[in-house]
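Q: Generate a structure from the sequence data that follows.
(2 chains)
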Amino acid sequence: MHFTELTKMGKFVITSELGPPKGFHIEKALHEAELVWPHVHAINVTDNQSSVMRLSGLAMCKVLKDKNIEPVFQVTCRDRNRLALQSDILSAALFGIDNLLLLTGDHTTLGDHKDAKPVFDLDSVSLAYMVKHLEEGKDLAGNALDGEPPKFCKGAVVSPCAEPLEPQLFKMEKKIKAGIQFFQTQAVYEADKFEKFMKRVKEFGVPVYVGIVVLKSVGMARFMNENVAGINVPDNIIEELKKDKEKTKSGQTGIEISARLIKELKPLCQGVHLMPLGWDDKVPEILKLSGIIAEKG
Amino acid sequence: MLITRVKKKDAILSLCKGKTLLIACFGCKEVHFEEKEYQALKEDLKTSNLNISGEIQLDYLCNDDYTNKRFELHKKEIDEAETIIIFSCGVGVQTFAGLIPGKTVLSGCDTYVLPGFSGFTPSSHDCEQCGECMLGFTVGICPVTACSKGLLNGQCGGAKKGKCEVSKNKDCGWERIYNRMTVLKKDDLTLKKMIRVRNYNK
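A: Coordinates of the predicted model:
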């Protein structure tokens, strides 16, 4: 099911995220996906997330698809040139994978193969442009594809709390021009900033699914504030995590903060994208507490 | 060694506004400059109603200190011009653009690499000799070399407090471009509208 159709039907889109394993044993990842699936419309599968080598996202998506779980195939430009990217995206079409999330990708030096060659033959904009070409029956070099062209729902990311915001909006417009139909965002902890962002992008008429990263500890919040672009966890949330160490450790504080954020941000946007970072078992409770249900079909 | 090729008239004309000053670098032994083609283009630009306010011929434009001295000599002509087209290698364009933050600086040439001897570039700027110079669109800051990922279509999501995700000591190239665009108050939508895919066959 294409996301944009859900939005057109007036449904609030709920997605979660799954990282493939470092290895080829997928039982644990699959278990996590099955736990989350009844509560969401689709599950994003990351592509060597944070430049750490893992099982291919395409293979994981195929496994999910076979289990009737709707995947979102995340594609970055870090590891593949334009030939490999087109190949993989055509393969996704073969497997019936409908939704793509197209990204530039983190630099190789951030991950566990720091000495690898960073590819970046394309970027998130030209990647979207390339998929648009495929959908028109042509590859990026202009050669015709055999048979019926593939059809995807193409998403991208944006960072609503980035400072400065203008370069992000500049790129967002370019992505839309290149055919992007929905946006999932970087984690948001500041409702006021997100509201301002949504006012600015309303004119684009493209659905925005707000990103929620579940906070696991004070250390994690501080680390993100220091190192992760576009994320700022405000002091009051850090204080809340500090207050009851046991409750935070058990995940309950993170669940409550996430649910509260979703309640607050829901009226502003068209969906929510949860990034539980391994805490997949917390997703059902977060959604229950925030009072949103994934209406399917 | 580098080779510069003069851009086509149409690629330059659309970006020029108001009084336009031409600066050509007849510079160094390391760069081959198409003198004849440059002269022909200049005549062509004149007949295309481009308001050429003057022409300066320099050498070693890539050298910051040297160019700074020359800059003082020609200050009046430079101040009066609204657009400046630099005919040099990519390093020369960036050096010059870096000296005048408030002015539209365009590249008049594409820079190609010629295998073998590599020219010396006594400069803090870098040119990868991609053969598709887009400095004219990116306010004189090169996205190929200033961005760690060499992105041609804008900032990735990795910059924090103006610094690149690769190193806290490196400024985000696209944020530099964006900041300079803001200083120049460029209402030019060309960069926003274009989708660039690099041609590695050049």
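Q: any weak-confidence spans in the stretch 151-297 of chain A?
A: Applying pLDDT under 70 to the stretch 151-297 of chain A picks out residues A:297.
Q: measure A:V158 to A:V188 for me?
A: 11 Å (Cβ to Cβ, to the nearest Å). C-beta: built from backbone N, CA, C; applies to glycine.
Q: Ok, A:F182 next?
A: To A:V188, A:F182 is 16 Å away according to Cβ to Cβ.
Q: tally of neighbours for A:T248?
A: The burial metric for A:T248, expressed as a neighbour count using other Cβ atoms under 10 Å in any protein chain shown, is 19.
Q: ugh, wrong one, B:E37
A: Counted with other Cβ under 10 Å, the neighbours of B:E37 add up to 15.
Q: what about it, is that helix, strand or coil?
A: With DSSP: H, G, I helix; E, B strand; the rest coil as the basis, the three-state label of B:E37 is helix.
Q: dump the residue contacts of the closest residue to it other than its chain neighbours.
A: Counting by Cβ to Cβ, 6 or more residues apart in numbering or on different chains, B:V6 is the residue found nearest to B:E37 once chain neighbours are left out, at 4.6 Å. By Cβ atoms under 8 Å, 6 or more residues apart in numbering or on different chains, the contact set of B:V6 is B:E34, B:E37, B:Y38, B:L41, B:F87, B:G108, B:C109.
Q: Try it again at 10 Å.
A: With contacts taken as Cβ atoms under 10 Å, 6 or more residues apart in numbering or on different chains, B:V6 has the following neighbours: B:12, B:24, B:33-42, B:87, B:108-110.
Q: for B:R198, same thing?
A: When contacts are counted by Cβ under 10 Å, 6+ apart, B:R198 touches A:82, A:120-123, A:126, B:130-132, B:134, B:144, B:150-152.
Q: swap in B:C133?
A: Remark: with contacts taken as Cβ under 10 Å, 6+ apart, B:C133 is in contact with B:4-5, B:7, B:11, B:86, B:89-90, B:93, B:106-112, B:127, B:142, B:144.
Q: repeat that for 8 Å
A: Counting by Cβ under 8 Å, 6+ apart, B:C133 makes contact with B:K7, B:G90, B:V93, B:S107, B:C109, B:D110, B:T111.
Q: What distance do you get for it to chain A?
A: From B:C133 over to chain A the distance is 18 Å, taken as Cβ to the nearest Cβ, to the nearest Å.
Q: Relative to B:G90, how far out is that residue?
A: From B:C133 across to B:G90, the span is 6 Å (Cβ to Cβ).
Q: Show me the common contact partners of the two, please.
A: Residues touching both B:C133 and B:G90 comprise B:S107, B:T111, with contact defined as Cβ under 8 Å, 6+ apart.
Q: who's in contact with the residue nearest to A:C153 when sequence neighbours are not counted?
A: In space, not counting the residues next to it along the chain, A:C153 is nearest to A:H2; the distance is 3.8 Å by Cβ to Cβ, 6+ apart. Residues in contact with A:H2, defined by Cβ under 8 Å, 6+ apart, are A:D98, A:N99, A:C153.
Q: before we move on, what about A:K263?
A: Listed by Cβ under 8 Å, 6+ apart, the contact set of A:K263 reads A:S290, A:G291.
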